[in-house]
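Asks: how would this look folded up:
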Amino acid sequence: MSIITTTPVERPPEAPVVAVIMGSDSDYPVMKEAGAALERLDVPFEMSIVSAHRTPQEMADFARTARDRGLRAIIAGAGGAAHLPGMVAAQTELPVIGVPVPIGYLQGQDALHSIVQMPKGVPVATVAIGNAFNAGLLAAQIVGAGDSALLDRVAAYKRELRELVLAKCLPKP
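Replies: Residues are numbered from 1 along each chain as shown. I've put the predicted structure just below:
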């Protein structure tokens, strides 16, 4: 006699392979888009606040343990002085993607310059001001270098973008 159950079996959540961090909760409206890209591509991620200025020890601990915790890429968003991406990159071997967050009078110009001006030996990939979605897509492509199923999902997403563009028509003048 076999027993059939109708109770769904909960699948344990996959361990995150990408971290999305930001210096403050005020960065969340921009940085949540990195999470949206990762969700769209079914990439497990974690999201948290890690401040280079207000929680420097926790930031250092986060960066130093990221690899051992199974992370394979880090997306770090910051505005203003934007030290977070560079400080994290200085303390991890993992690829770090910086997102300049548009705040204040300069609307992200200061953050952009801070993130792209890293010294030799401490690389930080940088996306456009406020474009956390592209940071999520780039992280997926980096992680996908060792995961053909993930690269297939990225390719499918890019095909969808192509189809959207081809379907658009401009009004006749």
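Asks: how much space between Ala73 and Gly98?
Replies: 12 Å (C-beta to C-beta, to the nearest Å). Glycine gets a C-beta too; all of them are placed from N, C-alpha and C.
Asks: So between the two, which is more surrounded?
Replies: A count of neighbours by other C-beta atoms under 10 Å puts Gly98 above the other of Ala73 and Gly98, at 28 against 25.
Asks: From Ile129, how far out is that one?
Replies: 11 Å.
Asks: Just the element for the residue lying closest to Ala125 once chain neighbours are set aside, please.
Replies: Sequence neighbours aside, Ile97 is the residue nearest to Ala125 in space, at 4.7 Å (criterion: C-beta to C-beta, 6 or more residues apart in numbering). Assigned by DSSP states H and E, Ile97 belongs to strand 96-100.
Asks: where in this protein is pLDDT low?
Replies: Across the chain, the ranges flagged by pLDDT under 70 are 1-12.
Asks: quick one: the helices in it?
Replies: 28-40, 56-65, 84-89, 109-116, 132-144, 148-166 (DSSP state H).
Asks: from those, which stretch is densest packed?
Replies: helix 84-89 (a mean of 26; mean count of other C-beta atoms under 10 Å).
Asks: now that one: how far from the chain's centre is it?
Replies: 13 Å (C-alpha atoms, centre = their mean, to the nearest Å).
Asks: how much space between Glu58 and Lys120?
Replies: Separation of Glu58 from Lys120 (C-beta to C-beta): 27 Å.
Asks: try Glu93
Replies: Glu93 is 16 Å from Lys120, by C-beta to C-beta.
Asks: Please say which of those two ends up with more neighbours.
Replies: Glu93 (9 against 5).
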